[in-house]
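K.L.:
Next comes the sequence, and after it the predicted model I'd like to discuss.
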Amino acid sequence: MARKPARNWHSPHAKGHDPHDEQGGEWLRDLILGGQDGLVNVLGLVLGVATATQDARLIIISGLAAMFAEGISMGAVAYTSSKAALEFYDREKRREMDEIERLPEEEREEVRRIYYAKGFRGKELEMVVQKLTSNRERWLGVMMEEELKLFKDGESPLRSGIVVGIAALVGAVFPLIPFFLFPVQVAVEFTVPFSLVVLFVAGAIKGRFTKVVWWRSGIELALIGIGAALAGYLIGSWLGAAPGI
């Protein structure tokens, strides 16, 4: 039996496609990306330095340098990658529009093949093709999403870069806090569980928004911190034990 055509194929208000949810998801993605990267990288670094030296001042200076470098780097990467993705989308959109203008029958046949593969047949298929290709913007949307699998990210590259950069700076502060308050050995013992709790909470919050079980999402993010801490500890121990260092 042929499947009935769905309504509101490309409407932003169609069920399951809430633009406010998408915007919130973009903010959450940037916050988690920056915060997680800043915290994990600085955690690994300060543990590595702390196993090689007991000089709290050196550990803090190394951590602060890494914090600012990480924040600037992550912000720049987020900006350039978002900008590149937006430019690529716009280029492909212009190319598809040009093909629709120059080769309408071939592009219409592409739409027919796409919806034939989805299970539409006969008059129902022709009705869908006619409906979608009767409006150029709707037609273009079909080609971008169904043929090229490209979806426009509505976020601003500059906003993304700023959010990721600030989140990386904030995330990087947490592993350093114990070194301002305690002796090095105590700070090392305190910063690992403290950072893992922060990662777990961040992961749990992410799970709430991404509809993943909160504790599973929290554990997943915390495990990344464990891996970074272990790597930093092993590298620092190796460097500290190496002769001439």
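P.N.:
Great, that's in hand.
K.L.:
From the centroid of the protein, which residue is nearest?
P.N.:
Most central residue of the chain, judged by C-alpha distance to the mean C-alpha position with CA atoms, centre = their mean, is residue 29 at 4.6 Å.
K.L.:
what pLDDT, on average, does the helix or strand hosting residue 165 get?
P.N.:
Residue 165 belongs to helix 157-181 when assigned by DSSP states H and E. Mean per-residue pLDDT for helix 157-181: 93.
K.L.:
Stretch 104-118 now?
P.N.:
Rounded mean pLDDT across stretch 104-118 is 93.
K.L.:
on that earlier part again, which SSE is immediately downstream of the helix holding residue 165?
P.N.:
For helix 157-181, the following helix or strand on the C-terminal side (DSSP H and E) is helix 184-210.
K.L.:
For the very next helix or strand once past that following helix, list every residue counted as buried.
P.N.:
Counting by DSSP H and E, the next helix or strand C-terminal to helix 184-210 is helix 214-241. The neighbour-count check on helix 214-241 (16 or more other CB atoms under 10 Å) flags 214, 217-222, 224-226, 228-229, 232-233, 235-236 as buried. Just so you know, the C-beta spots here come from the backbone N, C-alpha and C atoms, and that holds for glycine as well.
K.L.:
Tell me what angle helix 214-241 forms with helix 157-181.
P.N.:
Helix 214-241 and helix 157-181 are oriented at 60 degrees to each other (axes from the mean of the first three to the mean of the last three CA atoms, to 10 degrees).
K.L.:
Remind me what helix 214-241 packs against, helices and strands.
P.N.:
If you count contacts as 3 or more CB pairs under 8 Å, 6 or more residues apart in numbering; DSSP states H and E, helix 214-241 packs onto helix 19-52, helix 184-210.
K.L.:
Any chance of CSV for those, columns mean pLDDT and distance to residue 177?
P.N.:
CSV is the format used below for the helices and strands packed on helix 214-241 (pLDDT from 0 to 100; distance: least, CB to CB, whole Å):
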stretch, mean pLDDT, distance to residue 177
helix 19-52, 78, 11
helix 184-210, 87, 7
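K.L.:
Can you lay out the ones you listed as a markdown table showing distance to residue 167?
P.N.:
A markdown table is the format used below for the helices and strands packed on helix 214-241 (distance: least, CB to CB, whole Å):
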| stretch | distance to residue 167 |
| --- | --- |
| helix 19-52 | 3 |
| helix 184-210 | 10 |
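K.L.:
how about those helices, which one is nearest residue 71?
P.N.:
helix 19-52 (6.5 Å; CB to CB).
K.L.:
same for the closest one, what does it pack against?
P.N.:
Using 3+ CB pairs under 8 Å, 6+ apart: helix 19-52 touches helix 56-102, helix 157-181, helix 184-210, helix 214-241.
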